[in-house]
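In: Need a 3D model of the following:
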Amino acid sequence: MSATQVPPSPRPVSDSKVEMTEIVFPNDANPLGNAMGGRVMHWIDICAAVAAGRHARTPVVTASADQIDFHNPVPVGAVVVLLASVNVAGRTSMEVGVKVWQEDRATGDRKHVASAYLTFVSLDPVTKTPRPVPGIIAETDEEKRRFDAARQRRAHRLAMRK
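Out: Numbering: from 1, shown residues only. Reported below is the predicted structural model:
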């Protein structure tokens, strides 16, 4: 294994956290005047990629997206807030969790819009081949819960491949 293939030291979940904000414009909407699911998925993928890239400190690519559940529509003009962080890291891949909220401009109250889990692979910037990623340091109770749940999902994904 070359020096570039040695896994970096583990990093805290907080290093990967991303908060991304969007406004739903008419070109983001379906005929009912709400954000298209595909546009929300696009934002989820971008937000998750930033989180994975922050953790790996390399280019990353989307390997898969688990089920995305939509809970509430988001009308044109609404503010959308996406929160993402790496939940667990394997050898060259990471699971990133993303939660999407609609934020009320007047009160700041948030309504849950969607949740998703995506898997990203770290790539060597020169060879474009998979590269080891740092492990995760889960510091808070919530981060530890997400880490444990992500490990179970990862085991399930691997079992489904067989």
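In: For this protein, which residues score under the pLDDT cut-off?
Out: Applying pLDDT under 70 to the chain flags the ranges 1-4.
In: let's see it at 90
Out: For the chain, the stretches flagged by pLDDT under 90 are 1-8, 67, 69, 154-162.
In: ranges for the helices of it?
Out: For the chain, the helices defined by DSSP state H occupy 37-56, 141-161.
In: In a markdown table: these, plus mean neighbour count and distance to Pro75.
Out: From N, CA and C alone the C-beta is placed, and that goes for glycine too. Converted to a markdown table, the helices of the chain look like this (neighbours: other CB atoms under 10 Å; distance: least, CB to CB, whole Å):
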| stretch | mean neighbour count | distance to Pro75 |
| --- | --- | --- |
| helix 37-56 | 21 | 13 |
| helix 141-161 | 13 | 30 |
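In: My guess is Val50 contacts Ser85. True?
Out: No. The criterion here is CB atoms under 8 Å, and Val50 misses it with Ser85 at 10.4 Å.
In: Quick check: neighbours shared by these two?
Out: Val18 (CB atoms under 8 Å, 6 or more residues apart in numbering).
In: beta partners of Leu123?
Out: Judged by DSSP bridges, the bridge partners of Leu123 are Pro130.
In: How about residues contacting stretch 103-110?
Out: With CB under 8 Å, 6+ apart as the test, stretch 103-110 has contacts from Thr21, Ala78, Val79, Val80, Val81, Trp101, Gln102, Lys111.
In: Surely Ile68 and Trp43 touch.
Out: No. With contacts defined as CB under 8 Å, Ile68 does not count as touching Trp43, sitting 11.4 Å away.
In: hmm, back to that, nearest to Lys144, of the contacts of stretch 103-110?
Out: Taking CB to CB as the measure, Lys144 sits nearest to Trp101 out of these, at 22.7 Å.
In: Good, wrapping up.
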